[in-house]
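Engineer: Quick check, what structure comes out for this input:
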Amino acid sequence: MGMDWESLTEATSGAVGALVSTTALYPLDTCKTKYQAEIRSYDDDGHGRPPKYRNLSDVLWEAVSSRQILSLYQGIGTKNLQSFISQFVYFYGYSYFKRLYLEKSGFKSIGTKANLVVAAAAGACTAIVTQPLDTASSRMQTSEFGKSRGLWETLSDGSWSEAFDGLGISLLLTSNPAIQYTVFDQLKLRLLKGRPGDKAGSTAEASPETLSAFSAFVLGAVSKSIATILTYPAIRCKVMIQASNGREKEAEAEEKAGGGGGGGRGGRPKSPPKAFAGALSAIWRSEGAPGFFKGLQAQILKTVLSSALLLMIKEKISRTTWVLMLALRRLLLSSPRLKSPSASS
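Structural biologist: Sure thing, here's the model as predicted:
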């Protein structure tokens, strides 16, 4: 069985798109993550303290007023690595599983239900592979400005199992990209269906059908908005769980530096959530039902822009990437050293 060049093209295009969109929107992502991770704190008498961040702009103002504006980029290397790997794995798995389904079923197009299953399977593979990087990235972003540490130091601060904090929710959240890319593919299919001269698969080496930059941006924004609204409570819980260990370490270091007499003075939750049920309970007790959607506007703004930008870049470079992959394949097949008697196109 030869290499799946079409899946490799999809994966490479998606990974490059993710790298560009993540870098461009990283300060917004940092503000969003710090805002989402905050849980209402209590004093020694059990009275609730006012939140540190009332809106997204408070996080930005903290960075500006403390002259730590560059700290909005803390953890960007880890986030870029995580985004590149996750999108490569996801798009490769998604394209491969979809092609495999069409080959086995004999259908010419994939239905909505099958598309959801394929997308969820690709998302599960991605979550397992990239979870430690995702956890480290969240801890770096929610660290105090100017106090973020490197990737290895962040992960080695706790046990190996803590690097997989939030994996259960990440697997649950495979429904997010599953919904997103299913909606995107179905809308794309309907949009391309009316195009004259689009006959996919007319030749063995026909390039994949692509949308215009504007169409890809709009469809990406619509599909991601729908997925984000439906899965947001779980998204916020995951951020809280991943950030809780980092906050505990910082608080312990501050207490030691201050002689251990801080007690409840630091204004942090008495028991940071470590599981999905604990995060749900903490939100309900501290903020009520509206707390499940705290930061939704910021999440939609960031993820919609990021996803739409990613898909726009992916669509625009996929044809070029496909040509490069074909050139690479021909180069490999024409190389006497790489040819094998059993090789066949």
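Engineer: Now L328: which helix or strand?
Structural biologist: helix 296-334 (DSSP states H and E).
Engineer: Show me what that helix is packed against.
Structural biologist: helix 5-24, helix 26-37, helix 213-257 (3 or more C-beta pairs under 8 Å, 6 or more residues apart in numbering; DSSP states H and E). For glycine as for every other residue, the C-beta is placed from the backbone atoms N, C-alpha and C.
Engineer: what's the distance between stretch 227-237 and the middle of its chain?
Structural biologist: Centroid separation for stretch 227-237 versus its chain: 12 Å, with C-alpha atoms, centre = their mean, to the nearest Å.
Engineer: Can you give me the buried ones in it?
Structural biologist: Of the residues in stretch 227-237, A227, T228, T231, Y232, P233, A234, I235, R236, C237 count as buried by neighbour count, 16 or more other C-beta atoms under 10 Å.
Engineer: so what's I300 up against?
Structural biologist: Listed by C-beta atoms under 8 Å, 6 or more residues apart in numbering, the contact set of I300 reads S225, T228, I229.
Engineer: What helix or strand is the residue nearest to L151 when sequence neighbours are not counted located in?
Structural biologist: In this structure, L151 finds its nearest non-sequential neighbour in T78, 4.9 Å apart by C-beta to C-beta, 6 or more residues apart in numbering. T78 is located in helix 76-105, with elements delineated by DSSP H and E.
Engineer: now the angle between helix 26-37 and that helix, please.
Structural biologist: 90 degrees (axes from the mean of the first three to the mean of the last three C-alpha atoms, to 10 degrees).
Engineer: The following helix or strand past helix 76-105 - contacts with which helices or strands?
Structural biologist: Counting by DSSP H and E, the next helix or strand C-terminal to helix 76-105 is helix 112-142. Helix 112-142 is packed against helix 26-37, helix 76-105, helix 151-156, helix 167-172, helix 175-193, helix 213-257, with contacts defined by 3+ C-beta pairs under 8 Å, 6+ apart.
Engineer: if we can go back for a sec, if you average the pLDDT over the helix holding T78, what comes out?
Structural biologist: The average pLDDT within helix 76-105 is 88.
Engineer: quick one: the closest residue to F164 other than its chain neighbours and R319, what's the gap?
Structural biologist: Distance criterion C-beta to C-beta, 6+ apart; nearest residue to F164, sequence neighbours excluded, is Q131 at 5.1 Å. Using C-beta to C-beta, to the nearest Å, Q131 is found at 33 Å from R319.
Engineer: which of those two has more neighbours?
Structural biologist: Between Q131 and R319, counted using other C-beta atoms under 10 Å, Q131 has the larger neighbour count: 20 against 15.
Engineer: wait, doesn't that one sit right on S170?
Structural biologist: Yes - with contact defined as C-beta atoms under 8 Å, Q131 and S170 form a contacting pair (5.9 Å).
Engineer: Where does the prediction get shaky in the stretch 101-250 of the chain?
Structural biologist: 158-159, 194-209, 245-250 (pLDDT under 70).
Engineer: where's A327 relative to E10, distance?
Structural biologist: In this structure, A327 and E10 are 17 Å apart, going by C-beta to C-beta.
Engineer: which of those two has more neighbours?
Structural biologist: Legend: neighbour count by other C-beta under 10 Å for A327 and E10, higher for E10 (26 against 10).
Engineer: Excluding chain neighbours, what is closest to the more buried one?
Structural biologist: Distances taken as C-beta to C-beta, 6+ apart put S95 closest to E10, at 4.0 Å, once the chain neighbours are dropped.
Engineer: can you pull the contacts of the residue nearest to F164?
Structural biologist: Applying C-beta under 8 Å, 6+ apart to Q131 gives the contacts A163, F164, G166, L167, S170.
Engineer: what about the first one, neighbour count?
Structural biologist: A163 is flanked by 21 other residues according to other C-beta under 10 Å.
Engineer: got the contact list for it?
Structural biologist: Residues near A163 by C-beta under 8 Å, 6+ apart: Q131, P132, T135, A136, L155.
Engineer: Most neighbours among those residues, please name it.
Structural biologist: T135 (28 neighbours).
Engineer: Touching, that one and G166? I think so.
Structural biologist: Yes - using C-beta under 8 Å, T135 is in contact with G166, at 6.5 Å.
Engineer: anything in contact with each of those two?
Structural biologist: Shared contacts of T135 and G166, counting by C-beta under 8 Å, 6+ apart, come down to Q242.
Engineer: centre of the chain versus stretch 166-183, how much separation?
Structural biologist: That offset, for stretch 166-183, works out to 10 Å (C-alpha atoms, centre = their mean).
Engineer: go on, stretch 51-65?
Structural biologist: With C-alpha atoms, centre = their mean, you get 23 Å for stretch 51-65.
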